[in-house]
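[1] mind folding the following:
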Amino acid sequence: MEKFLLHTCCAPCGIAIIDELKSKYDLTVFFYNPNIYPEEEYLKRKAEVIRVCEEFGVPMIDMDYEIDKWQEIVKGKEDEPEGGGRCPICFGLRLEKTAATAKDKGFEIFATTLTMGRNKKADIINPLGLAIGKKYGVKFFEEDWKKDGRQEKSAEFVKNKNIYRQNYCGCAYSWTVAE
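    Next comes the predicted model:
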């Protein structure tokens, strides 16, 4: 089985994807989300991803919370609207870390659950993943996870397993919009 590293932003976006991939690949979940604000929210989301991974018997790599690094790379984009110029930079940071880790740890394939998000556009995320995969020599699994009934399956899992679902993307700038 091919080794597959799946960047996961949160349990609601990840659960149906993890369920789908765990029997097809040697799957490992990768949690790297330095954009999430505040830290209490980051810890809630991480705890739910850990819970899903434990329940499904899928290993997880937990990276450090690097909020300062994230703030530095989006500097000057604070006033961008949700889905604006700040988001591709954020996606790129997380995909870059995932690809570098995949390369370092011998994974053949990597992907992200980001395209499952309601407001996340696969036509922005997937080209980034493909370019970053090429840079690191690791295949990027290009997918729009919202399709083929996966969002509905995810919602069902979230409801049945009582999984915490956040009401904003994750960063401080999307948090203030959600308040």
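[2] end to end, how far does stretch 49-64 reach?
    The first and final residues of stretch 49-64 sit 15 Å from each other (C-alpha to C-alpha, to the nearest Å).
[3] buried set for that stretch?
    For stretch 49-64, the buried set under the neighbour-count rule, 16 or more other C-beta atoms under 10 Å, comprises 49, 52, 53, 58, 60, 63. Any C-beta I mention is one placed from the backbone N, CA and C, and that applies to glycine too.
[4] ok, the second one touching residue 11?
    Yep, that's residue 52 we're talking about. Yes - the pair residue 52 and residue 11 qualifies as a contact (C-beta atoms under 8 Å) at a distance of 5.0 Å.
[5] rewinding a little: nearest to residue 20, out of the buried residues of stretch 49-64: which one, please.
    The closest of the buried residues of stretch 49-64 to residue 20 turns out to be residue 58 (C-beta to C-beta; 11.6 Å).
[6] check contacts around that closest one.
    For residue 58, the contacting residues are 18, 22, 27, 28, 29, 52, by C-beta atoms under 8 Å, 6 or more residues apart in numbering.
[7] and it, what element?
    Assignment of secondary structure by DSSP states H and E places residue 58 within no helix or strand.
[8] all helices for the protein, in order.
    Using DSSP state H, the helices found in the chain span residues 11-21, 39-56, 67-73, 86-105, 122-136, 150-160, 172-178.
[9] pick the most buried one from those helices.
    Each of the helices of the chain was given a mean neighbour count from mean count of other C-beta atoms under 10 Å, and the largest, a mean of 24, is that of helix 11-21.
[10] please save the CA atoms from that helix in CSV.
    Listed in CSV are the C-alpha atoms of helix 11-21, where the atom choice follows Å, rounded to 0.1, in the frame of the first residue of the first chain:
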residue,chain,number,x,y,z
ALA,A,11,-12.3,16.8,12.2
PRO,A,12,-15.5,17.9,10.3
CYS,A,13,-13.5,18.4,7.1
GLY,A,14,-11.4,15.3,7.7
ILE,A,15,-13.6,12.5,9.0
ALA,A,16,-15.3,11.4,5.8
ILE,A,17,-12.0,11.6,3.9
ILE,A,18,-10.1,9.6,6.5
ASP,A,19,-12.9,7.0,6.4
GLU,A,20,-12.6,6.8,2.6
LEU,A,21,-8.8,6.6,2.4
